[in-house]
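Participant: Structure, please.
(one chain, ligands or ions: 1)
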Amino acid sequence: MAEVLVLVETAPDGSGVRKTTLEALTAARVLGEPSAVVLGAPGTAAGVKDALAEYGAAKVLVGESDDIDAYLVAPKAEVLAQLVADRSPAAVVIPSTPEGKEIAGRLAIKTGSGFLTDVTEIAADGTATQVAFAGATIVHAKVTTGTPIYTLRGNSVAPEAAPAAAEEETVTVSVSDAAKQTRVVDRVVEQKSDRPDLTEASIVVSGGRGVASAENFSIIEGLADSLGAAVGASRAAVDSGFYPHSFQVGQTGKTVSPQLYIAVGISGAIQHRAGMQTSKSIVAVNKDPEAPIFELADFGVVGDLNTVVPAATEQITARK
Ligand SMILES: Cc1cc2nc3c(=O)[nH]c(=O)nc-3n(C[C@H](O)[C@H](O)[C@H](O)COP(=O)(O)OP(=O)(O)OC[C@H]3O[C@@H](n4cnc5c(N)ncnc54)[C@H](O)[C@@H]3O)c2cc1C
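Facilitator: Residues are numbered from 1 along each chain as shown. From the prediction side, this is the model:
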């Protein structure tokens, strides 16, 4: 069976493989047998093998070196290019994170290959689906040159377990001077809150401009905590300084696809929808019955969020 290289993304706090990798392994399986590629500082692969085995990695190719960790993406692209040259895989699948996209672009140049970014689905014949113009256009495209390289958009493929051997192979890492152009001088891992990661949570409660202030976001956090949910925000809320940018959902923020998305005081602009419209169930709370978010919502509450949300939080907490 053809080999498909899948670049593994691990959590910066050392908590293991990120969900984006499990999604990439799942998507890659239609093209062949996935080989998970773990690149990082010595010790990166420790503790990730079980998850990779559970989600279908026939092999785990481990390339560990201080040189990979000390520089930004160029060494990873270089090692991957070497693997492509040595192993002639059927394809390379990389999570569509900012780092993943940069690695994929560099890899495409190094290997003279075509590259499709932000794909949401890969078919067995290699055709990829891409969502363009904030969801208004669906594009199907295929790589015609070299080894197809795909970056897979987060939350577009549900990770499915498919136990495999995860046979470990060591990859020789030799990083050229050309790949040592941008050295990391410091890394600060942000303190994780007790709430689930926004892109991985099964419930997300997001607040918009209607929340009206940073202090009032405690209403959104209260509802989120009663449900064990992550907190998100619209761009208007972020631009107004109500909540940090890292929580923005939408075209220029994060893409989420939870089981339940609760949009509070959010009008439902197309750029916001682009980041949440694939949520399984959508609930909207808005005082304006004409708000466009209601066209998308499965359940809508027309009312003042300052009354509706605390009442809902109280009810949920009382039933626990
Ligand atoms: C290139 C580009 C990229 C963008 N990217 C993003 C993106 O990634 N994410 C994003 O979200 N937006 C993005 N935007 C901005 C987007 O167009 C909207 O401006 C933004 O989503 C609006 O945010 P909002 O719904 O919170 O605010 P508004 O549109 O102002 O809506 C606020 C809503 O709150 C309701 N409301 C007010 N008070 C209450 C109350 N007390 N109780 C209940 N409801 C109340 C109002 O009825 C209204 O519907 C982008 C725009 C551009 C041009």
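Participant: phi, psi of Thr170?
Facilitator: Per-residue torsions, Thr170: phi -90, psi 130 (degrees, to the nearest 10).
Participant: so where do the strands sit in this structure?
Facilitator: Per DSSP state E, the chain carries strands over the ranges 3-7, 33-40, 59-64, 91-95, 115-122, 128-132, 137-141, 149-152, 167-170, 203-207, 230-233, 260-264, 281-286, 299-302.
Participant: Asp304 against Gly265, yeah?
Facilitator: No - counting by CB atoms under 8 Å, Asp304 stays clear of Gly265, with 9.3 Å between them. Every C-beta, even on glycine, is put in place using the N, C-alpha and C of the backbone.
Participant: Show me which of the two is the more surrounded one.
Facilitator: Gly265 (29 against 13; other CB atoms under 10 Å).
Participant: Need the nearest residue in space to that one, chain neighbours excluded.
Facilitator: Spatial nearest neighbour of Gly265, excluding adjacent residues (CB to CB, 6 or more residues apart in numbering): Gly210 at 2.2 Å.
Participant: Any part of the least confident helix or strand in the chain by mean pLDDT near the ligand?
Facilitator: Scoring the helices and strands of the chain by mean pLDDT, DSSP states H and E places strand 128-132 at the bottom, with a mean of 90. No - on the criterion CB under 6 Å from any ligand atom, strand 128-132 is out of touch with the ligand, staying 13.5 Å away.
Participant: That strand pairs with which strands, parallel or anti?
Facilitator: In the sheet, strand 128-132 lines up against strand 115-122 (antiparallel), strand 137-141 (antiparallel) (DSSP bridges).
Participant: With just CA atoms, put that strand into CSV.
Facilitator: C-alpha atoms of strand 128-132 as CSV (Å, rounded to 0.1, in the frame of the first residue of the first chain):
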residue,chain,number,x,y,z
ALA,A,128,-9.2,18.0,-2.4
THR,A,129,-12.1,20.1,-1.4
GLN,A,130,-11.5,23.7,-0.4
VAL,A,131,-13.9,26.3,1.0
ALA,A,132,-13.4,29.8,-0.5
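Participant: Show me which residues of this structure sit near the ligand.
Facilitator: Close to the ligand, as judged by CB under 6 Å from any ligand atom, the chain has residues 208-210, 234-237, 248-253, 265-267, 269, 271-272, 275, 285-288, 291, 304-306.
Participant: ok, of the residues you listed, which come out buried?
Facilitator: 208-210, 234-237, 248-251, 253, 265-267, 269, 272, 275, 285-286, 291, 305 (16 or more other CB atoms under 10 Å).
Participant: Next step: the residues you listed restricted to helices.
Facilitator: Taking DSSP state H, the ones among those that sit in helices are Arg235, Ala236, Ala237, His272, Leu305.
Participant: which residues sit in contact with Thr127?
Facilitator: His140, Ala141, Lys142 (CB atoms under 8 Å, 6 or more residues apart in numbering).
Participant: Same question for Leu107.
Facilitator: Leu107 neighbours (CB under 8 Å, 6+ apart): Ala77, Leu80, Ala81, Val84, Val92, Ile94, Ser113, Phe115, Ile149.
Participant: what would these look like in CSV with pLDDT and neighbour count?
Facilitator: Listed next are these as CSV, based on pLDDT from 0 to 100; neighbours: other CB atoms under 10 Å:
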residue, pLDDT, neighbour count
Ala77, 97, 23
Leu80, 98, 27
Ala81, 97, 21
Val84, 98, 20
Val92, 98, 29
Ile94, 98, 29
Ser113, 98, 20
Phe115, 96, 22
Ile149, 98, 25
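Participant: mind putting those residues in CSV, distance to Ala45 included?
Facilitator: CSV is the format used below for the contacts of Leu107 (distance: CB to CB, whole Å):
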residue, distance to Ala45
Ala77, 19
Leu80, 16
Ala81, 20
Val84, 20
Val92, 19
Ile94, 17
Ser113, 26
Phe115, 26
Ile149, 23
